[in-house]
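>>> Need a 3D model of the sequence below.
(one chain, ligands or ions: 2)
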Amino acid sequence: MAVYTDVNEEELSSFLTSYPVGDLLSYKGIAEGTENSNYLLHTTGGSFILTLYEKRVNADDLPFFLGLMQHLAQSGVECPLPVARQDGALVGQLAGRHAALITFLEGMWLRKPAAVHCRAVGAALANLHIAGSSFPMARTNSMGVPEWHRLWEGSREEADTVEPGLREELDREMSIIDTQWPGDLPSGIVHADLFPDNVFFLGDQVSGLIDFYFACNDAFAYDIAICLNAWCFEKDFSFNLTKGVALLAGYQSVRPLEEIEVEALPVLVRGAALRFQLSRLYDWLNIPDGPLVKKRDPLEYMRKLRAHRHIRSAKEYGWTPVASIAAAS
Ligand SMILES: Nc1ncnc2c1ncn2[C@@H]1O[C@H](COP(=O)(O)OP(=O)(O)O)[C@@H](O)[C@H]1O
Ligand SMILES: N[C@@H](CCOP(=O)(O)O)C(=O)O
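Ligands and ions are numbered 1, 2, ... in the order given. Below is the predicted model:
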């Protein structure tokens, strides 16, 4: 999705008078995205993205998200810069929503990323983790394990309408995660949603990362686990080891993994698949359809989750010690 909230030209033009961006020339809703309402704006001052924050974004978190983008951009991570209003504020009000303007990023996201892109995204993720270490604010992961339980409670009764047997299967997954989820891993700022649609490329180079609205403090290796799920599966739900090798080598070219992270990787990858399975299933069952609302496949991550059940070690995801990567190159 998404455009959940309509904005008319008059209220938008009036909203823009608080920003140093000139006059509105044109605007249109962006159907891509999931969480918020997004518009592409052209003004006499340039091109911008307008985001209206919807229900899953807590207004109290906006200083964290927008401050993080500013911090990362200033630390050399390519990402949009929030535009400050004339009074210095980064957040305004529009159509009954909190709203922000961010700079438009050139590039496009890849529908079919290859190993070379997986390597680039691995390195970009590690750079983000390192740049985030000097960000002074912190945020608990609102999509962490406790939230998985709430999403499951809100979907469980109807799960079998999506696929017979899903309820029992996900009950089992939830209890496995409850008993095996690791604590005390190296942690810091993570993106927590670095899917292909949140990474722009120009040629084979990453031109920017977007959509920091799940960013939080969590285990770095969990962020890698999200990327292994989102970047390294083929359409037939087979895990592409070449892409896994490339993503992990790209990451380790910037930040080598510690042994404790390597050991935890299989359960983290399985948990990451469960997290997206649960949020998609919840949305499928609970969010009304609309012309600019595109719900995501509620079973794609179930298929990935099933593939993870057969994997026992990080090596099966493509991890190799840094010394052997160096020797091979
Ligand atoms: N800074 C940006 N520059 C260019 N396009 C952007 C930018 N931010 C968002 N977009 C566009 O808007 C879409 C939705 O943005 P996203 O942040 O992923 O929304 P959501 O938070 O609702 O998932 C993206 O897929 C992209 O097409
Ligand atoms: N990436 C998540 C949903 C969040 O969508 P995004 O547009 O904010 O990346 C998923 O695929 O389920």
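
>>> Could you list the contact residues of the stretch 51-200 of the chain toward ligand 2?
193, 195, 197-198 (CB under 6 Å from any ligand atom). Yep, even glycine has a C-beta here, placed from its N, CA and C like the rest.

>>> So which of those residues are in strands?
Within these, no residue falls in strands by DSSP state E.

>>> Spatially, which two of the residues you listed are the most separated?
Largest separation among those by CB to CB: Asp193 and Asp197, giving 9.4 Å.

>>> So those two - more neighbours on which side?
Neighbour tally, Asp193 and Asp197, criterion other CB atoms under 10 Å: the higher count belongs to Asp193, 23 against 17.

>>> Give the full set of residues in contact with Ala230.
Residues near Ala230 by CB atoms under 8 Å, 6 or more residues apart in numbering: 194-196.

>>> who wins for neighbours among those?
That'd be Leu194 among the contacts of Ala230, by other CB under 10 Å, with 26 neighbours.

>>> quick one: contacts for that one?
121, 125, 209, 223, 226-227, 230.

>>> follow-up on the earlier one: what do Asp193 and Asp197 both touch?
Asp211.

>>> On the three-state scheme, whatever residue of the chain ends up closest to ligand 2 is what?
Shortest the chain-to-ligand 2 distance, computed as CB to the nearest ligand atom: residue-wise this is Thr34, at 3.3 Å. Applying DSSP: H, G, I helix; E, B strand; the rest coil to Thr34 yields a three-state assignment of coil.

>>> Numbering from 50 from now on, please.
OK, 50 is where the count begins now, so the last one is Thr83.

>>> mind checking pLDDT for it?
You'll see Thr83 listed with a pLDDT of 74.

>>> For this structure, what lies in contact range of ligand 1?
Residues of the chain lying near ligand 1 (CB under 6 Å from any ligand atom): 51, 79, 81-85, 87, 98, 129, 151, 153-154, 246-247, 259-260, 262.

>>> From those residues, keep the buried residues only.
51, 79, 82-85, 87, 98, 129, 151, 154, 246-247, 259-260, 262 (16 or more other CB atoms under 10 Å).

>>> So which of the residues you listed is the closest to Gln301?
The nearest member of those to Gln301, counting by CB to CB, is Asn247 at 21.5 Å.

>>> Surely the closest one and Leu258 touch.
Yes - checked against CB atoms under 8 Å, the pair Asn247 and Leu258 is within contact range at 6.4 Å.

>>> which residues are common contacts for those two?
His240.

>>> Which parts of the stretch 50-199 of the chain are strands?
With DSSP state E, counting those that start in this stretch as the criterion, the stretch 50-199 of the chain has strands at 73-78, 86-92, 95-101, 141-143, 146-152.

>>> got TSV for those, with mean pLDDT and distance to Met351 too?
Formatted as TSV, the strands of the stretch 50-199 of the chain follow (pLDDT from 0 to 100; distance: least, CB to CB, whole Å):
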stretch	mean pLDDT	distance to Met351
strand 73-78	96	30
strand 86-92	96	28
strand 95-101	96	30
strand 141-143	95	37
strand 146-152	96	33
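
>>> Same list (those) but as a markdown table, adding distance to Asn289.
Shown next, in a markdown table, are the strands of the stretch 50-199 of the chain (distance: least, CB to CB, whole Å):
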| stretch | distance to Asn289 |
| --- | --- |
| strand 73-78 | 34 |
| strand 86-92 | 30 |
| strand 95-101 | 31 |
| strand 141-143 | 42 |
| strand 146-152 | 32 |
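
>>> Which one, of those, ends up nearest to Pro337?
The nearest among the strands of the stretch 50-199 of the chain, by CB to CB, is strand 86-92 at 14.7 Å.

>>> So what are the sheet partners of the closest one and their directions?
strand 73-78 (antiparallel), strand 95-101 (antiparallel) (DSSP bridges).

>>> Give me the angle between the last one and strand 146-152.
Relative orientation of strand 95-101 versus strand 146-152 (axes from the mean of the first three to the mean of the last three CA atoms, to 10 degrees): 150 degrees.

>>> who's in contact with strand 95-101?
53-54, 56, 61, 70-71, 76, 79, 85-90, 129, 132, 143-144, 146-153.
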